[in-house]
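Trainee: What shape does this take:
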Amino acid sequence: MSLVLIAEDEEAMLEIFAQVVEDLGHRTLRAHNGEEALMLARTERPDLVVSDHMMPRRTGVELLRTLRADPRLGSVPFLLLSAAHPRGLEEADAFLSKPVDLDTFEAAVEQVLRSRPAPEPSGEAMTAGDRAGHSSGAVREEMLNWVAHEIKTPLSSARLNAQLLLRKQDERGAAEERKCSEAILRQLDRMNSLVTSILDAARLSEGKVALQRERGELGAFLQDVVQEWRELQPQVDFSLTGVAQPVKLSFDAERVRYILNNLLSNAVKYGGEQRRVEVTLSLTPGLAIVQVRDWGVGIPASELRNIFERFHRADGAGGHGHGLGLYIAAALARLHGGSLTAQSELGQGSTFSLRLPLSG
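Mentor: Here you go, the predicted structure:
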């Protein structure tokens, strides 16, 4: 049995995190702010600290840095939770983005407790003078983080409670009740997707998104993405060509995956009766080109020029989507030094082309 200190200013979230950790067989200490968490840690040394970032009196990252500077507490593992991606999150032993999935949270707690690494202290806590010197851009970033926290925290609480309810319904064999809980989870996930897209769009327009580039083989990456979609949509015929020859370039895998998932999702949604999606990889001087083609309803010429604008939704969307997916995808392509374009004809389908530079 381990002692886990949980710091969370939202009472509902604090209670459910503590319940989950205690159900795993561990003792918990509960703190409602960063200062209280520090006091409890100094009173009884925990085996793990689980902390939200956006808390009063001391943020999660500030709490982490203070603990790292204490010789007695510096090696205590730290699991950071946040709806945003705060500066300094890489200093924690593990990071989970809110809303937190129940199984993922349990696995992270157990994994960090098992490994118990002793990371080297990195970075210094931001001083009051540093905070006073924030630019207006940094203030906007703080506002976005606040919005993410205030919206995603209740979403996370609702989602975790719905997942716990599903577990209990499985134990009772309550099939009809389970359908209702699954419907709630789907709608919560749609809400989370909307909030995430709004925040991503805002950060992109402010120039606040930094790519995490790594050199990789694009063909193998595409095979992984397409295979995920084959498993997700077995009724759709996904074909992939042009990946036999290795194509190596530097790209942010998470961001390129977002672009491709958006294109593949639209191809499935608007693909019509053929239920066929074709993905091809080709090379042109200096560029790798990934094309996603469907044989569906197509896009009217009057709309084609506007599809990459914020909040634009094509006719026939049926109330689905939020009009930000293609805007974000195109912005991420530009951030890579590439581009995203579309060709379409009514009744003949659409082809989206993602161009990525081979150098850089």
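Trainee: Tell me how far stretch 262-279 lies from the chain's centre.
Mentor: In terms of Cα atoms, centre = their mean, to the nearest Å, the centre of stretch 262-279 is set 23 Å apart from its chain centre.
Trainee: Same check on stretch 151-163?
Mentor: On Cα atoms, centre = their mean, the centre of stretch 151-163 falls 15 Å from the chain's centre.
Trainee: what sits up against it?
Mentor: 10, 12-13, 16, 20, 52, 83, 98-103, 105, 181, 184-185, 188-189, 191-192, 195 (Cβ atoms under 8 Å, 6 or more residues apart in numbering). For glycine as for every other residue, the C-beta is placed from the backbone atoms N, C-alpha and C.
Trainee: Tell me which of the residues you listed fall in helices.
Mentor: Secondary structure of the contacts of stretch 151-163 is defined by DSSP state H; positions in helices are 12-13, 16, 20, 102-103, 105, 181, 184-185, 188-189, 191-192, 195.
Trainee: on that earlier part again, weed out the non-buried ones from the contacts of stretch 151-163.
Mentor: Buried subset of those (neighbour count, 16 or more other Cβ atoms under 10 Å): 10, 13, 16, 20, 52, 83, 98-100, 102, 105, 181, 184-185, 188, 191-192, 195.
Trainee: returning to that earlier point: would you mind checking which of the ones in helices among the contacts of stretch 151-163 is nearest to P56?
Mentor: When those are compared for distance to P56, the smallest value, 14.2 Å, is given by M13; criterion: Cβ to Cβ.
Trainee: Contact partners for the closest one?
Mentor: Contacts of M13 were listed using Cβ under 8 Å, 6+ apart, and they are 52, 153, 156-157, 160.
Trainee: repeat that with 10 Å
Mentor: Contact criterion Cβ atoms under 10 Å, 6 or more residues apart in numbering gives 6, 52, 81, 98, 100, 153-154, 156-157, 160 as the residues in contact with M13.
Trainee: quick revisit: show me which of the ones in helices among the contacts of stretch 151-163 is closest to E254.
Mentor: Using Cβ to Cβ, N192 is the member of those that lies nearest E254, at 16.5 Å.
Trainee: Tell me, what's the model's pLDDT at that closest one?
Mentor: The pLDDT attached to N192 in the predicted structure is 73.
Trainee: One more: P234?
Mentor: 92.
Trainee: you'd agree it is in a helix?
Mentor: No - following the definition DSSP: H, G, I helix; E, B strand; the rest coil, P234 is coil and is not counted among the residues of a helix.
Trainee: re earlier: which members of the contacts of M13 occur in helices, if any?
Mentor: Per DSSP H, the subset of these in helices is 153-154, 156-157, 160.
Trainee: Closest one of those to T351?
Mentor: Within the ones in helices among the contacts of M13, the smallest distance to T351 is 38.2 Å, found for S156 (Cβ to Cβ).
Trainee: what's around that closest one, how many residues?
Mentor: Neighbours of S156 under the rule other Cβ atoms under 10 Å: 27.
Trainee: which ones are touching the closest residue in space to it that isn't next to it in sequence?
Mentor: Ranked by Cβ to Cβ, 6 or more residues apart in numbering and with sequence neighbours excluded, the top spatial neighbour of S156 is P99, at 3.6 Å. Residues in contact with P99, defined by Cβ under 10 Å, 6+ apart, are 83, 151-160, 188-189, 191-192, 195-196.
Trainee: repeat that for 8 Å
Mentor: In this structure, P99 makes contact with 83, 152, 155-156, 159-160, 188, 192, judged by Cβ under 8 Å, 6+ apart.
Trainee: okay, the residues you listed in TSV with distance to L113 next?
Mentor: Supplementary listing: the contacts of P99 in TSV, determined by distance: Cβ to Cβ, whole Å:
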residue	distance to L113
A83	24
K152	25
L155	26
S156	21
R159	23
L160	19
L188	28
N192	27
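Trainee: worst-scoring helix or strand of this structure, pLDDT-wise?
Mentor: Per-element confidence for the chain was summarised using mean pLDDT, DSSP states H and E. The lowest value among helices and strands belongs to helix 128-132, with a mean of 41.
Trainee: Among the ones in helices among the contacts of stretch 151-163, which pair sits farthest apart?
Mentor: Spanning the widest gap among those are V20 and V195, at 22.9 Å by Cβ to Cβ.
Trainee: burial of E15, as a residue count?
Mentor: Other residues within reach of E15, judged by other Cβ under 10 Å, total 14.
Trainee: Kindly state the pLDDT recorded for it?
Mentor: Among the per-residue scores, E15 shows a pLDDT of 88.
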